[in-house]
Structure formats: structure tokens, C-alpha cells
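Asks: Predicted model follows, preceded by the sequence.
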Amino acid sequence: MKRYDPQSIEPKWQEIWEKAGVFKTPAAPKNKQYVLDMFPYPSGDGLHTGHPRGYTATDVVSHYRRYTGHDVLHPMGWDAFGLPAENAAIKKGVHPAENTAKNVERFREQLKRLGYSYDWDREVNTSDPDYYKWTQWIFTELFKAGLAYRGAGQQWWCPKDKTVLANEQVIDGRCERCGSEVTKKELTQWYFKITEYADELIDSLDELDWPEPIKAMQRNWIGRSEGAEVMFESDTGPITAYTTRPDTLFGATYMVLAPEHGLVGKLTTKDQVAEVNRYVETAKRESDIARTAEDREKTGVFTGSYATNPVNGEKIPVWVADYVLATYGTGAIMAVPAHDVRDHEFAKKFKLEIRPVIGGPAAEGSDEEMVLPHSEEGVMFNSDKYDGLPSDQAREKIVADLEKKNVAKPKRGYKLRDWLISRQRYWGTPIPIIHCDNCGPQPVPEKDLPVELPDVKDYLPTGDGRSPLAKATGFVETTCPKCGGPAERETDTMDTFADSNWYFLRYPNPRQKDGAFDKEALKQWLPVDTYVGGAEHAVLHLLYARFWTKALADRKYLGFREPFKSLRNQGLIMAEDGRKMSKSLGNVVNPDDVIEAFGADTFRLFELFIGPFNQDAAWDTRGIEGCYRFLKRVWVFGQSLLEATDGPDQETDIAEAGLERAVSKATKRITASIEQFRFNTAVSGLMEALNDLQEQTAKTGPRPAYRPYFERYLVLLSPFAPHLAEELWRELDHEESIFTQGWPAIDESAVADDTVTIPVQVNGKVRTTLELPADGLSEETVTKAALADASVKKHLSGKPKKVIYVEGELLNLVG
Ligand code: ANZ
Ligand code: ZN
């Protein structure tokens, strides 16, 4: 009997598949499926164990779709530009272009060793001029549409990376890339006007099959709120405040302006000038995050002026305080200390009046004292003719009444800011703009694209707010495309998120010469049907790519407005000790070593078996050994069938009925698991099925008649362990690749009387198990059966508040 030797069969099949073009993308897809991974940034460390988790999942899905009659596009490429690549190159003292090319080579080789069914002819590399030519072209399109613009302002600045950062790249006051504390710098920068799409970016989330937490993060990041702008008269003109609680107007006892607000100078009275100026100067140096931190001691100064509350004519003092941000709403607020936490703290500290106007149940005649600040809805009092109304109704009435007097209007607020895109770094797509003294900034015409990134020696960041490209005079000096006069090129590059904004549009026709994308090919393949990647891109890539898609659709380049129909996130793979894998902790598992020791099939299988796909999981040496033993058993079983000889017919009939049942059952279970991204249960299904096959076969010993059942089993296994499946398939005398087969059919009559055992938990504790027919196991039927069970009744009073059902596996009733 031949030994299972992944080291020899795996490279062999990889070569044969590639030569024969087994996984080439079909030319004219009929029943298309676009299955996409978030392409990696090719770091110098090579592949880490986290990568294959998502990549194996999409590979399984791709195989499964092909088997079920779909034409599949499953490409791979490199997010090769950007800060991390450049920083790594600088550290090594190697030019970023050279270093990145080396890393790409290594990544590609590692991915090929895993036997993925990518169509490698479609590889894209964002640092390739043939690619970034079109990143630049899209930039010029957006520029012409007013969606890319230059503006001055206070920017986030990373002192270590020596570049500005987008809001999305500042996490808890630190640089997303290097973790340094960020500061602010006044600079003129390029922006994309993502705010123009704020509403659509929120509203169309509803139609997407995405994980709820990602949708919620996007909603929160965009941060839409329904409110109103209310005008307060003052001696120097009106002050407009943005509020989401106009119902609290009668409780507004003072106003606050952001230190940067344009009216601060005008409103400040003579005797307050010195104090106000001093305060404003200090406040400007603080980050917004520090300024709005909840536990921060409130500070502020009185301007000396008053404004008139439009609902009651009352004069209230106008203060300046840094807890009001210049960049949100109007930069001015009406402060209601009885109902807003921050206003309450401020009023306490500066002894300003706290006047409640909205009560909870306490306000309705009970003696109980109201706890302030009371920020919930309630019933109005101290509010003149609005007394007694519920606050949400009063809100609309008050705004409508003030609107008639032209002193208020309903207004939506958004937290989302325009996306800062320019970087003062070398390794990125040059912004295709030419600055002319006569004509202003001009887009580089398409015929002159790409603006190639010059091969300079001095690519280190300068730290003076200018890109190192500014020193490359040959690059900078040019002529104006409009008037032909002398002009200068923009020297900033784009953040890498611009590159990854549209790469999925390039794969359908990656070598297209006369355009960024090919309309016909896009029609055939887009939108992406299945997109898999990490959740860390929730408000970065996943938001930006949606924005570009919409902007391009509005310019009639695309016929769809959402790029990724269905999205799934994979959890992280942690070290065996449960901590993050990191070089400094010395707990990193190297994929090359794993392949060396067990082979790619075992590695693939284990990455999916390790736990529920969307949850973090720790590496487990024993688990991987278990997967290896399982594949060895498949091998040995296959060999036993190969060596089998015929016996009496009547004996095999019984075993065949059992084998049909086993394979049909497995097909059913594995199909459902793949469809639902429950790959770990798919793998356990494969393991159980092998046991069943062995059990049935043991009745007579191996017979050639059993081979067809095993062949069907091999098809089920092949998306997970493609090399082993292909090897055994060929040994079973097939000329063609296993991947030309169809997905196994299910003999319904063989599985009709199948039952499944489902444990039922009440509040997390198992109280009973249900024996139910495997067919039609909906949440409804299982819940109904559980609620009829005596021990469930005993532990659950009344209806469950929440039902958690893991299909075919577990029911948890929360009471
Ligand atoms: C009066 C009021 C009373 C408010 C009350 C809240 C509660 P969201 O919901 O996050 O959008 N605000 C407005 N502009 C601000 C700025 N530039 N800096 C800091 N705070 C600002 O927040 C809207 C609320 O935040 C607004 O409604 C305003 O305070 C404050 F019981 O107005 B409110
Ligand atoms: Zn000009």
C-alpha cells in the first residue's frame, strides 16, 4: 500500500493544474459567481497564519460554486503601495520598489504552495504603472466632478510616519499604522468628498448581506442625526446652534462656541479679550479626541456677551469651551445642563443655572426627585404652551413654530468628514494634478497618464509637510496642460486606500489598455457575490470602496451602486497561548513550516476546522495533528478500495444501502455548511462521513462496488483538501480532473428517516436533547418542540426573550 505523501503529491498537482489551466476563468460566464478575497499587502514577513483562513474559505466556496454549475471569477492581487511597505523598505535600506517586488514573489509562491484555485493570469499589482494609471484617471474624474478637492485645515499628523492621516486612520488618538500619538498640523491637502454620499452610504446598507456589526460601525461612523439649527440673536448678529434636542430649548441657560468659531472675536468684550485669547490658543493645540473625552475636566471662559433664546426672549451668556468642536454641526451649541451630561458638568463647575424642562415619570406628580442630568425622553414642563406634551412630539412642534419665524430649520447632522487622501510620502500613486499660476490646479489629461512615480534615491519622508518628490525637480517641473505655460506637478501621493478602492473592478479585464475597466466585462462579473476579509476594514476600505462605486456609477461608468453584495469576516488566528502572534513574543507559527510538516491539505483543513469562521481562534498543534491523521485515514481507506477484489453480490447490497445513506447525509450537511460559512461543521461532517463509510465497508471488507460512493465523498472533500482528493480520484482510474465533476446528488429516500439530536439550553445550560427528523429543521420547528418539553418548561417561565439557534446543532432559549 502506498504511503500518504503530501510533499510529493501537492507540488505535482499544483503544476498540472496550472499547466492545464483547470481554474481559468470562463470567458463568457452564464451563471457567474465573483468570489473575492481582500487582497493582501505583501509584507516582508511573508504570509502569516491568518491569511489562509479567509483564502481557504473563499477557495472552498469557489470550488463549490464551480461544482454546482457556476462560472467563477476567483482572482488574487497585491495591495503593494503604501506606508507599511515603504517603512519596511526604509528599515532594510532597500528601495521600496525592489523590496515590494521581492515580497510579492514570496507571497505568490506561498499562496501557490497552498493549492488555491486562483486564476493567476488576472493578478493585479497596485504599484504597477499599468494599474495606477487608472487610479489616477479615476482621481481626475472625481476632480472634474468636484469630488476631489484641495482644502486647508487642521490635519492629523503622525510625527513618526511624517505624514497626514485620515480621520479613519486615527484610532484612540494614535496612528493606525505605527501607533504613535498623533498631533495636528495646519496644511493644505487633498480630499475626497465622501460626505456627498453620506445618506446613500447609510440607507443602502439595508440591502446588503453583510455582518450586522460592520453595518452598525458604518452607520455610527457616518453618524447621522436628525436635529435642527436654531438662531440666537446677539448684539453682533445671530449665532446658529445645532441641536438634536430642540425640545429642551426652554432649558437652554447658556450658549457655547468652539474656540475656533468665527464669532468668538466679535463677541468677546474688551475686558474678556485677554482671557479668551489665552484660552483659545491652548485649546487649538488639543486633539478633538482629548477635547471630547468623557472624563475630562471641563474648561471654558465667558465672552462677556449674551444671546437671546428665541422661544422665550431670555438673554443667556455666551461662553467659549473646548468641549464644543469646530468641525461638528455649526460649532456652536445651546447648552441644556439639566438634560445633557457635558453641559451639566460644565454648569456645575461654572455655577450656571440648571433648569429642568423634561421629566420622567417623576415629573408627573410624584415626590420623587429627578436625577439630573436626565437625558431621556419624557414629558415637557417649564416650557410654556408645550407643557404636558411628550418630548418627541414637542420637538417637531417647536421647530415648526420657530421655522415660521425664520429662526430655525430642521437639519441632519453627520459625523462623517471628507476623506483626506494626500500623503507626504514617496511610495504611493502620484496625485495627477498640475499646478499652474494662471489656470489653477489642472488634471493631467488621460493621454499623459500615468504620471509615473520617479525612481528617486532620496525617498525618505522629509517631515516638513512636503513629499520627498518635491525634491525631484525633473518630476516637478512641467507645463500646464491648459495654457502650455510653465507649471509644477503636485508632489503628494495618494493614500493606499485609493488603490484598493477599485481593484475589484480591474480583475474582470486586468490587462485592459484603453480604460480602467471594461464595461462588458463588468456587466458579466460585477458586483462581487462573495467578499471575505477582516473586520478591521469596516470604516476604511469597505466604506471608501462603496463611495467610489457610487461616484463612478453617477458618472455612468458602472451599472451598479454597491460593490460587495455579500460580505463575511474571518476571525483572527491567535497563538497557541491565546495571545496575538508576534515576533517579540516569539509565538509566531510560520505557514512554511506547517506545510513542510503536514502538507497544504492538512493546513487548509485545519484553518477551517479551528473554530467558527467569524470568531477568533487559537492555534492548536494537537488539532493540526488530528487533521493530518484524518487525511491519512482517508488515504488508507482509498487505498483499501483500490486494492479490493470482488466478493458475493448479495453481501454488498446491505453495505451499499448504508453507503448511500452516509454519502447523501454528508452531502446534505456539507452543502448547508458551506452555504452558511460554517466551515468547521463542514469539516466535522467530512470526518463523521469517513467513519460512516468505514463502518459500512467493514460489513464485508472493501469491495470495488463501493468505489462510486467514495468518489462522491472525494468530491465533497476536494474543496478542502484538493491535492489528496485529486490524487485518489486519478488513482481510481479517471482521466479528467476531479474538478470537472458535478456536486454529488442526494438520494432523498436514503436520508428521509434520518434524525438529528439537538441539545436545548435554557439560559446557556443544557436542559434536554431533542431527537428530530433531519429534514426541515427550521428555528421555528425546533423552538416549538423545545417549548413542549417538560424540563424546558420547568426552567423557562413563559416565552423566551431571545432564541439562538445554530442550525442542526444547538438551541439556546434565553428567558
Ligand atoms: C441641546 C441638547 C440638549 C443637546 C440635550 C443634547 C442633549 P449627536 O447626537 O452626537 O449628533 N453638539 C452640537 N454641536 C456640537 C459640537 N460642535 N461640539 C460638541 N457638541 C455639539 O449630538 C448632537 C448634540 O451634541 C447636540 O444637541 C448638541 O447638544 C451637541 F438634552 O443640543 B444638544
Ligand atoms: Zn495654465
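Replies: Right, received. Where do you want to start? Numbers count the residues shown, from 1 in each chain. Ligands and ions are numbered 1, 2, ... in the order given.
Asks: Assign residue 154 to helix, strand or coil.
Replies: strand (DSSP: H, G, I helix; E, B strand; the rest coil).
Asks: my bad, should have said residue 562
Replies: In three-state terms, and counting by three-state DSSP, residue 562 is coil.
Asks: Chain neighbours aside, what residue packs nearest to the residue in the stretch 51-200 of the chain that ligand 2 sits nearest to?
Replies: Minimum separation of the stretch 51-200 of the chain from ligand 2 (CB to the ion) falls at residue 143, amounting to 15.3 Å. To be clear about C-beta, it is placed using only N, CA and C from the backbone, and glycine gets the same treatment. Counting by CB to CB, 6 or more residues apart in numbering, residue 443 is the residue found nearest to residue 143 once chain neighbours are left out, at 5.0 Å.
Asks: before we move on, the earlier item: what distance do you get for the residue of the stretch 51-200 of the chain closest to ligand 2 to residue 796?
Replies: The spacing between residue 143 and residue 796, counted by CB to CB, to the nearest Å, is 62 Å.
Asks: what's the answer for residue 189, then?
Replies: Applying CB to CB to residue 189 and residue 796 gives a distance of 58 Å.
Asks: for residue 344, same thing?
Replies: For residue 344, the distance to residue 796 (CB to CB) stands at 42 Å.
Asks: give me the element the residue of the stretch 51-200 of the chain closest to ligand 2 is part of.
Replies: Element membership for residue 143, per DSSP states H and E: helix 129-144.
Asks: Any idea how far that helix is from the middle of the chain?
Replies: Using CA atoms, centre = their mean, to the nearest Å, the mean C-alpha position of helix 129-144 is found 24 Å from that of the whole chain.
Asks: Contacts for it next, please.
Replies: The set of residues external to helix 129-144 that reach it, using CB atoms under 8 Å, 6 or more residues apart in numbering, is 81, 124-126, 148-149, 192, 429-433, 441, 443-444, 446, 449-453, 494, 498-499, 501-503, 506, 511, 515-517, 548, 551-552, 555, 557.
Asks: By proximity to ligand 1, which residue of the stretch 601-750 of the chain wins?
Replies: Using CB to the nearest ligand atom, the single residue of the stretch 601-750 of the chain nearest to ligand 1 is residue 614, 29.5 Å away.
Asks: Let me know whether that residue touches residue 570 as I believe.
Replies: Yes. Proximity of residue 614 to residue 570 meets the contact threshold set by CB atoms under 8 Å, at 6.6 Å.
Asks: quick one, which of the two is more surrounded?
Replies: Set residue 614 next to residue 570 and count neighbours by other CB atoms under 10 Å: residue 570 wins out with 29 against 14.
Asks: any idea how far that one lies from residue 559?
Replies: According to CB to CB, residue 570 and residue 559 sit 30 Å apart.
Asks: Repeat that for residue 742.
Replies: Residue 742 is 32 Å from residue 559, where distance means CB to CB.
Asks: Over to residue 239?
Replies: Spatial separation of residue 239 from residue 559 under the definition CB to CB is 47 Å.
Asks: now residue 614
Replies: Look at residue 614 and residue 559: by CB to CB, they are 31 Å apart.
Asks: Please apply the same query to residue 653.
Replies: According to CB to CB, residue 653 stands 56 Å off from residue 559.
Asks: send the alpha carbons of the one helix or strand residue 19 maps to over as PDB?
Replies: Assigned by DSSP H and E, residue 19 belongs to helix 6-20. C-alpha atoms of helix 6-20 as PDB (Å, rounded to 0.1, in the frame of the first residue of the first chain):
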ATOM      1  CA  PRO A   6       1.700  15.200   0.600                       C
ATOM      2  CA  GLN A   7       5.200  16.500  -0.100                       C
ATOM      3  CA  SER A   8       5.300  14.700  -3.400                       C
ATOM      4  CA  ILE A   9       1.600  14.900  -4.500                       C
ATOM      5  CA  GLU A  10       0.900  18.500  -3.700                       C
ATOM      6  CA  PRO A  11       3.500  20.200  -5.900                       C
ATOM      7  CA  LYS A  12       2.800  17.700  -8.600                       C
ATOM      8  CA  TRP A  13      -0.900  18.600  -8.800                       C
ATOM      9  CA  GLN A  14      -0.200  22.300  -8.500                       C
ATOM     10  CA  GLU A  15       1.900  22.100 -11.600                       C
ATOM     11  CA  ILE A  16      -0.500  20.000 -13.600                       C
ATOM     12  CA  TRP A  17      -3.500  22.200 -12.700                       C
ATOM     13  CA  GLU A  18      -1.600  25.300 -13.700                       C
ATOM     14  CA  LYS A  19      -0.400  23.900 -17.000                       C
ATOM     15  CA  ALA A  20      -3.800  22.600 -17.900                       C
END
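Asks: Identify each buried residue in it, please.
Replies: The neighbour-count check on helix 6-20 (16 or more other CB atoms under 10 Å) flags 6, 9-10, 13-14, 17 as buried.
Asks: Output those in CSV; the columns should cover distance to ligand 2.
Replies: Below are the buried residues of helix 6-20 laid out as CSV (distance: CB to the ion, whole Å):
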residue, distance to ligand 2
6, 64
9, 65
10, 60
13, 60
14, 55
17, 55
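Asks: Closest to residue 465 out of those?
Replies: Of all the buried residues of helix 6-20, the one with the least separation from residue 465 (CB to CB) is residue 14, at 48.9 Å.
Asks: Residue 240 falls within a strand, correct?
Replies: Yes. Residue 240 forms part of a strand when assessed by three-state DSSP.
Asks: That one against residue 230, yeah?
Replies: Yes. Residue 240 is within contact range of residue 230, at 7.1 Å (criterion: CB under 8 Å).
Asks: higher neighbour count, those two?
Replies: Set side by side, residue 240 and residue 230 show more neighbours around residue 230, with 28 against 17, by other CB under 10 Å.
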